[in-house]
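Trainee: turn this into a model:
(4 chains)
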Number of protein chains: 4
Amino acid sequence: MIVQLKLNTSEEKVQELIKRIKDKGLDTTYVVGDNHSILGVLGDTSRINIDELEAQEYVEKVIRIQEPYKKANRAFHPEDTIIDVNGIKIGGGNIVVMAGPCSVESREQIISVAKDVKKAGAQILRGGAYKPRTSPYAFQGLELEGLELLKEARKETGMPIVTEIMSSDLVDRFVEDVDIIQVGARNMQNFDLLKKLGKIDKPILLKRGMSATIEELLMSAEYIMAGGNHKVILCERGIRTFETYTRNTLDISAIPVLKKLTHLPIIVDPSHATGKYWLVDPLSKASLAAGADGLIIEVHNDPACALCDGPQSLKPKKFDKLMDELRILSKALNVRL
Amino acid sequence: MIVQLKLNTSEEKVQELIKRIKDKGLDTTYVVGDNHSILGVLGDTSRINIDELEAQEYVEKVIRIQEPYKKANRAFHPEDTIIDVNGIKIGGGNIVVMAGPCSVESREQIISVAKDVKKAGAQILRGGAYKPRTSPYAFQGLELEGLELLKEARKETGMPIVTEIMSSDLVDRFVEDVDIIQVGARNMQNFDLLKKLGKIDKPILLKRGMSATIEELLMSAEYIMAGGNHKVILCERGIRTFETYTRNTLDISAIPVLKKLTHLPIIVDPSHATGKYWLVDPLSKASLAAGADGLIIEVHNDPACALCDGPQSLKPKKFDKLMDELRILSKALNVRL
Amino acid sequence: MIVQLKLNTSEEKVQELIKRIKDKGLDTTYVVGDNHSILGVLGDTSRINIDELEAQEYVEKVIRIQEPYKKANRAFHPEDTIIDVNGIKIGGGNIVVMAGPCSVESREQIISVAKDVKKAGAQILRGGAYKPRTSPYAFQGLELEGLELLKEARKETGMPIVTEIMSSDLVDRFVEDVDIIQVGARNMQNFDLLKKLGKIDKPILLKRGMSATIEELLMSAEYIMAGGNHKVILCERGIRTFETYTRNTLDISAIPVLKKLTHLPIIVDPSHATGKYWLVDPLSKASLAAGADGLIIEVHNDPACALCDGPQSLKPKKFDKLMDELRILSKALNVRL
Amino acid sequence: MIVQLKLNTSEEKVQELIKRIKDKGLDTTYVVGDNHSILGVLGDTSRINIDELEAQEYVEKVIRIQEPYKKANRAFHPEDTIIDVNGIKIGGGNIVVMAGPCSVESREQIISVAKDVKKAGAQILRGGAYKPRTSPYAFQGLELEGLELLKEARKETGMPIVTEIMSSDLVDRFVEDVDIIQVGARNMQNFDLLKKLGKIDKPILLKRGMSATIEELLMSAEYIMAGGNHKVILCERGIRTFETYTRNTLDISAIPVLKKLTHLPIIVDPSHATGKYWLVDPLSKASLAAGADGLIIEVHNDPACALCDGPQSLKPKKFDKLMDELRILSKALNVRL
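Mentor: A predicted model of the protein is given here:
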């Protein structure tokens, strides 16, 4: 950590600050330049409150050098984390595809789509029971009934299920019912929920918030991991930018960047990233080419009648064709799909 | 609502779509052009699922014309909403100032700051008991103890208190203990929480999410209002942009825009908008000049020792001077402070 | 085009507006709803000045439906444009790789890099003679001397050259000296320059501005094409977002979106998009997987001594390895590299 | 400047780097920590090429501490720059208002508007002769004829004129004809133009680019000043964000931030910042309250017939009323209008 001091800071103030830092068990080094002086802080700087330093009148700026996340940090855990979901391995060069409808709408719908995506090669079934909708007047999901239908689809096909949690009241129920608990983009910094998910033993699919930096995503993963639950799967799903043609802008660079910074698996959601079904194909391919560990894709047997997000859903036939092409691509990329 | 159809859509498809819309009790008008044809939909289009329309293969684009919020919409409620908090009026040309420390740290601290800001002219005391922190390792607030200290400060000074809720488990407790419940930027789309706050009778201070559009902020207000709680105060606190000199970019235009679109009061948080105490003064003035109904400002008796957000806190003396200047400004602007 | 009128607009005003529009040879259709009325405008609406309509007091909003670009629009030119540069075909399923140093620094450097990238399989040599630098105190390029060195490298290797123009005074010189003239991101809306480039017969590589929408990029292409020069190659090079880990955010979705909207070739610059050499490999692959027609990559024989953009330059050996992998990938993607 | 070195960098490499830096006349200090080591660089670091440092394999990151602009830096020139335009003072607590139509359309129009805005209290006449339009098919301005009409309006009213330059070919002509030369947002990084403007002796109104950081704006000012022309007036005109209700987002914080960082005057363009005439009033007031040195406002005698930007133009009557209110506000703010 580098503390830049204002010009003409008195020697007394400097010594006071050095003492304060040393009292926390850290070491310092002090350098005086022409236009400013600098205090280097060495040791485990996560013990230091940056706000406190910056609030000192004689401090110009504080520059952190160490990453603020530890458990999620590849520097301290060089090996890829591989998460096992009922025998399916996520991470470490294994490509996983999660597919299914945006929302569970009926028994027939979810079982039919589940069978279709399984046949096409998807390993995990996705489907929303609780839906985060911008409008209170929009369809909010079948809720508990949706959860039951997902379980039926799992029984019928053997596929593990992933679905979104929206209320921390339901953590116990989700632990019992689902195989991967999804935290949506809007709840990425719902710290109350993250803390509760840190206490359980169940894989969490953590979506990046719409305007979250890569570091903030990792800090949210750290919240879960700090509680003891290390099974976190990160999900890039597009960020908000000035471009309005696509609903969000898929941050494809986040994939290799996350691969460098963390040992956690990274999957991509090309459906929500763009909001348009015809972009799912090129972005799925691009995601694998950039090094993603998997994809989560919306598939609906009748997008034109879907209760939500129809425009971004693939029909089973198109999904089937995409999976064929992804298998060819995976071979060229030397990964296992 | 305008539905743009693809070239060469068959007459049959068009008639099918028209029937579908008419079945929902809406009227349509169909216009054929050279390069595209258009279907105008008239009536209460909030009954229509845009996703469903856009998912039709022959639909190019759907353009909504009506605003999707109703209870928050000034078109349907032209008069300013005025919210009464223990006799203090918020909205309708009354300027309210909420002030206090970022987080409650001790009995002495909160009571001392409360007295200072009251003397300077603030009407409402702010202070965090539960703190949303990016890092799980940072100070998370005194929690329930903080709530108790806020109540003591209220008793001592007579000022109503506003503080942030982070868990929907605590709604009952907050209803009993505080005067205004704050929903932080990170929870603006925590729909589970919003729904619970819609069921109670207590003013809600709803902060705009970091990357929320003005319309999304209004939709979140609508979630609360749809549940029956109409006492919503909106808060602009800066949005996330590419500029990194300030922590966020205060969207000053949002103030007059919200004034036009909604009847709800709008207050501004210049402290979080920028993260720098020396910007609080000019931005507070700019906010009033742009038509804000009030301000929420961080004041700390010892910013250099604050457990969080010290760099953006004013000392009581500076706050006092700011209040004096805001009173002069209010006169020139013809509003009541 | 849809013109939404304010409530209670007088019949007289409406008739006046309809007349005004019909006088320009366009047709209208008028629909009255409960809360607003709408005027549909049919025909070639590019003849209409939207600003003029929106400035009418009784107009609420104007919504354009037709794309404002014509010559660049795939709707009117369904076939891919293929641009021939000394026998190298760009567009139409042919993958082209342009490579070379950020800036030309010396005879030895440019010829050595040119030979290396040619051997690795690049078809076109890139290299900056004029460099757009944020700081007036930074190295600004070898200028005319750099241009001469590029010509020597072309002579030596037979590779066509692409280099950036920064001044419209130099158009004639560039027409004579280079094979593709590059317009940098900062000059994407330098309309004076675009108009001059529209008058010549030479391929233009037009880079997307840092905060330009896809539509604005196409409008800038339209400026060049409107002047008569149809040889425009579009280049996605990252946009500016709130994420600061990478210098820019590569908008990978822009590739398939542009493929849909326009017939012009699209190439990607993964070096400038991220500013980090280790991201060039995954992003190059992702770009091809998403459907790009080519890449423009920085290669330097000694990045550690490069006068600019060293951190994003590949060494020839790494570039060689990348080209091998891209060839394997191209086969899987069924394109020609 | 802080150079963070990778773990396990050999002592040899470190010494080599230190030598390299010392050879440029700078001093260094080397600090070894547990997880990383740091090299502090002291002295005039503008002589160092950051790219070169970052391209060294053993360098993790380079953090600049000194601002890269000098002539524009308040640290080196604490006094406000005051620019005199025919006796009108800009900067240093003098509020200047520039007003006029977006584009010059006819003799009658420009003279009528000039008289109106003068009467209302504007000191400088604005009006576009050359217009930067997104579409090549839109009205591009009256060009040289427009310039002549502006001169007539100046003769008629005695007001100095400010107008935008779009081509570096016209610098000589502008020097002769106009009183302040405006550089538009799209040309903020047209370095060729900036360099030419650095060679002349005429005030430059430099608009912030749509996605330019505050530092980049200052670097562009530095380009002009480095050439010898110190008469630069900065203009905040809104930045591009995800919010689409307003055309741009006025970055009101940029005003006090620029006041701190530079001695140059800062004026605000509320018309282009939002694109809506009814937002000009609140944003003009907010700008003065935040410390701006002036405003540039679009006024048109018949916005409904304006050839461009009608929706954001005020009618003379509204402008007159705004000026009255700004005078009252200025008194409360203790500045001279």
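Trainee: can you list phi and psi of A:Val59 for me?
Mentor: phi -100, psi 130 (degrees, to the nearest 10).
Trainee: and it, how far is that from chain B?
Mentor: 9 Å (C-beta to the nearest C-beta, to the nearest Å). Every residue, glycine included, has its C-beta placed from N, CA and C.
Trainee: now A:Arg133
Mentor: Taken as C-beta to the nearest C-beta, the span from A:Arg133 to chain B is 7 Å.
Trainee: again with A:Pro265
Mentor: Distance of A:Pro265 to chain B, computed by C-beta to the nearest C-beta: 21 Å.
Trainee: can you pull the contacts of that residue?
Mentor: A:Asp80, A:Thr81, A:Ile82, A:Ile83, A:Ile90, A:Gly91, A:Gly92, A:Ile233, A:Leu234, A:Asp293, A:Gly294 (C-beta atoms under 8 Å, 6 or more residues apart in numbering or on different chains).
Trainee: just the closest of those to chain D, please.
Mentor: Nearest to chain D among the contacts of A:Pro265: A:Asp80, at 20.3 Å, using C-beta to the nearest C-beta.
Trainee: domain parsing for chain A?
Mentor: Taking automatic domain parsing as the criterion, chain A consists of the domains A:2-63, A:83-333.
Trainee: buried deepest among those domains, which one?
Mentor: With neighbours taken as mean count of other C-beta atoms under 10 Å in any protein chain shown, these reach their highest mean count in domain A:83-333, at a mean of 22.
Trainee: just for the stretch 51-200 of chain A, where's the confidence low?
Mentor: Within the stretch 51-200 of chain A, no stretch has pLDDT under 70.
Trainee: which residues in it form strands?
Mentor: With DSSP state E, counting those that start in this stretch, the ranges of strands along the stretch 51-200 of chain A come out as A:59-63, A:83-85, A:88-90, A:96-100, A:124-126, A:161-165, A:180-183.
Trainee: contacts for the fifth one next, please.
Mentor: Meaning strand A:124-126. Strand A:124-126 has contacts (C-beta under 8 Å, 6+ apart) with A:85, A:88, A:96-101, A:114, A:117-118, A:150, A:153-154, A:157, A:159-163, A:179-180, A:182, A:296-298.
Trainee: cool, and stretch A:42-57?
Mentor: By C-beta under 8 Å, 6+ apart, the surrounding residues in contact with stretch A:42-57 are A:1, A:3, A:6, A:13, A:17, A:21, A:24-29, A:41, A:59, A:61-62, A:64-66, A:68, A:70, B:135, B:137-139, B:303-311, B:313, D:31, D:33-34.
Trainee: hmm, back to that, dump the strands of the stretch 51-200 of chain A to JSON lines, plus distance to A:Tyr223.
Mentor: Shown next, in JSON lines, are these (distance: least, C-beta to C-beta, whole Å):
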{"stretch": "strand A:59-63", "distance to A:Tyr223": "23"}
{"stretch": "strand A:83-85", "distance to A:Tyr223": "18"}
{"stretch": "strand A:88-90", "distance to A:Tyr223": "20"}
{"stretch": "strand A:96-100", "distance to A:Tyr223": "23"}
{"stretch": "strand A:124-126", "distance to A:Tyr223": "23"}
{"stretch": "strand A:161-165", "distance to A:Tyr223": "15"}
{"stretch": "strand A:180-183", "distance to A:Tyr223": "10"}
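Trainee: just to revisit the earlier point, could the domains of chain A go into a markdown table alongside distance to B:Arg74?
Mentor: Output for these, formatted as a markdown table (distance: least, C-beta to C-beta, whole Å):
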| stretch | distance to B:Arg74 |
| --- | --- |
| domain A:2-63 | 39 |
| domain A:83-333 | 18 |
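Trainee: do you know which of those domains lies nearest B:Phe319?
Mentor: When those are compared by C-beta to C-beta, domain A:2-63 sits nearest B:Phe319, at 15.3 Å.
Trainee: who in chain A is up against chain D?
Mentor: Within chain A, the positions lying close to chain D (C-beta under 8 Å from any C-beta of the partner chain) are A:2, A:4, A:27, A:29, A:31, A:33-36, A:38, A:40, A:42-43, A:61, A:63, A:65-66, A:75, A:211, A:240-242, A:244.
Trainee: could you rerun that using 7 Å?
Mentor: Proximity of chain A to chain D, by C-beta under 7 Å from any C-beta of the partner chain, involves residues A:2, A:4, A:29, A:31, A:33-36, A:38, A:40, A:42-43, A:63, A:65-66, A:240-242, A:244.
Trainee: next step: those residues restricted to strands.
Mentor: Among these, DSSP state E puts A:Ile2, A:Gln4, A:Thr29, A:Val31, A:Ile38, A:Gly40, A:Leu42, A:Ile63 in strands.
Trainee: quick check, the second one in contact with A:His36.
Mentor: Yes: the pair A:Gln4 / A:His36 is scored as a contact, 5.7 Å apart, by C-beta atoms under 7 Å.
Trainee: pull up the overlap in contacts between these two.
Mentor: Shared contacts of A:Gln4 and A:His36, defined by C-beta atoms under 7 Å, 6 or more residues apart in numbering or on different chains, comprise A:Glu60, D:Ile65.
Trainee: contacting residues for the closest residue to chain C within the stretch 51-200 of chain A?
Mentor: Residue nearest to chain C within the stretch 51-200 of chain A: A:Glu67 (11.1 Å; C-beta to the nearest C-beta). The neighbours of A:Glu67, taking C-beta under 7 Å, 6+ apart as the test, are A:Asn73.
Trainee: touching chain C at all, stretch A:268-286?
Mentor: Yes: under the criterion of C-beta under 7 Å from any C-beta, stretch A:268-286 makes contact with chain C via A:Thr274, A:Leu279, A:Pro282, A:Leu283, A:Lys285, A:Ala286.
Trainee: and A:Met323, what element?
Mentor: helix A:316-333 (DSSP states H and E).
Trainee: what packs against that helix?
Mentor: Contacts defined by 3 or more C-beta pairs under 7 Å, 6 or more residues apart in numbering or on different chains; DSSP states H and E place helix A:316-333 against helix A:107-120, helix A:280-289, helix C:316-333.
Trainee: okay, those in a markdown table with distance to A:Leu337 next?
Mentor: Below are the helices and strands packed on helix A:316-333 laid out as a markdown table (distance: least, C-beta to C-beta, whole Å):
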| stretch | distance to A:Leu337 |
| --- | --- |
| helix A:107-120 | 12 |
| helix A:280-289 | 8 |
| helix C:316-333 | 12 |
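Trainee: tell me which parts of chain A are close to chain C?
Mentor: Counting by C-beta under 7 Å from any C-beta, the residues of chain A that sit close to chain C are A:211, A:213-214, A:239, A:241-243, A:245-246, A:249-253, A:255-257, A:274, A:279, A:282-283, A:285-286, A:289-291, A:328-329, A:331-332.
Trainee: let's go with 8 Å and repeat that
Mentor: A:211, A:213-215, A:239, A:241-246, A:249-257, A:260, A:273-274, A:278-279, A:282-283, A:285-291, A:328-329, A:331-333.
Trainee: just flag the most distant two among the ones in strands among the residues of chain A next to chain D.
Mentor: Maximum distance among these (C-beta to C-beta): 16.0 Å, for A:Gln4 and A:Leu42.
Trainee: who's in contact with stretch A:104-120?
Mentor: For stretch A:104-120, contacts defined as C-beta under 8 Å, 6+ apart pick out A:99-101, A:125, A:127-129, A:141-142, A:146, A:149-150, A:152-154, A:156-159, A:299-302, A:306-307, A:316, A:319-320, A:323.
Trainee: list the contacts for the nearest residue to A:Ala185 once chain neighbours are set aside?
Mentor: Closest residue to A:Ala185 apart from its sequence neighbours, by C-beta to C-beta, 6 or more residues apart in numbering or on different chains: A:Lys207 at 4.6 Å. Neighbour list for A:Lys207: A:Gln182, A:Val183, A:Gly184, A:Ala185, A:Met188, A:Cys235, A:Arg237, A:Asp269 [criterion: C-beta under 8 Å, 6+ apart].
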